[in-house]
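Asker: need coordinates for the below:
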Amino acid sequence: MTSELEKIDLLRARLGVGYKEAREALEQAGGDVIQALVNMEEKERNLGERFQARGQEMVGQFKGLLQKGQMYRIKIKKGDHTVYEFPASIGALGIIGALASSEIAVLGALGTVAAMANKYTLEFERQEETPECENVDMDKKPV
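Answerer: Just a heads-up that it's a prediction; the model follows:
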């Protein structure tokens, strides 16, 4: 007959868990090592499935934000002249980059100061949704 410590060691070796988790699993299985293994594998599988579902949900939300960001444009203007124009989602990625890297943050700050000194402005514009193009036969000439 194997001791409780040997059963716990077996669970730890097979599943790579700590003593406390192995002991709790063994207690929940009524001392049956095989049932404890089955229960812990199911628990890990369920946790993995939930983690994967949450990850897919986050990816969906991120895609939605990127699509929404495409509806807005950021324009850098000097007077009435548009110098540069880009989607707002690109600007958001730039902010994330600045938060992640101090070098990018310093470059962004220097660029902002230089733009302000040269009287550049930012303009945010919402793009209207364009209707889908109708099929046009390019071979036909207008009458």
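Asker: output the lowest mean pLDDT helix or strand found in this protein.
Answerer: helix 88-100 (a mean of 76; mean pLDDT, DSSP states H and E).
Asker: what would that one look like as PDB? C-alpha coordinates only.
Answerer: Provided in PDB are the C-alpha atoms of helix 88-100 (Å, rounded to 0.1, in the frame of the first residue of the first chain):
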ATOM      1  CA  ALA A  88      -6.500  57.400 -35.900                       C
ATOM      2  CA  SER A  89      -5.700  53.800 -35.200                       C
ATOM      3  CA  ILE A  90      -2.100  54.500 -36.300                       C
ATOM      4  CA  GLY A  91      -2.000  57.300 -33.900                       C
ATOM      5  CA  ALA A  92      -3.200  55.000 -31.100                       C
ATOM      6  CA  LEU A  93      -0.400  52.500 -31.900                       C
ATOM      7  CA  GLY A  94       2.000  55.400 -31.700                       C
ATOM      8  CA  ILE A  95       0.800  56.300 -28.200                       C
ATOM      9  CA  ILE A  96       1.100  52.600 -27.100                       C
ATOM     10  CA  GLY A  97       4.600  52.600 -28.500                       C
ATOM     11  CA  ALA A  98       5.400  55.800 -26.500                       C
ATOM     12  CA  LEU A  99       4.100  54.100 -23.400                       C
ATOM     13  CA  ALA A 100       6.200  51.000 -24.000                       C
END
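Asker: can you pull the contacts of I90?
Answerer: 69, 74 (Cβ atoms under 8 Å, 6 or more residues apart in numbering). C-beta here means a position set from N, CA and C on the backbone, and glycine is covered the same way.
Asker: how close does K77 sit to A115?
Answerer: Separation of K77 from A115 (Cβ to Cβ, to the nearest Å): 10 Å.
Asker: got the domain ranges for the chain?
Answerer: 4-63, 71-126 (automatic domain parsing).
Asker: rank the ones you listed by pLDDT, which is bottom?
Answerer: With a mean of 82, domain 71-126 has the lowest mean pLDDT of the domains of the chain.
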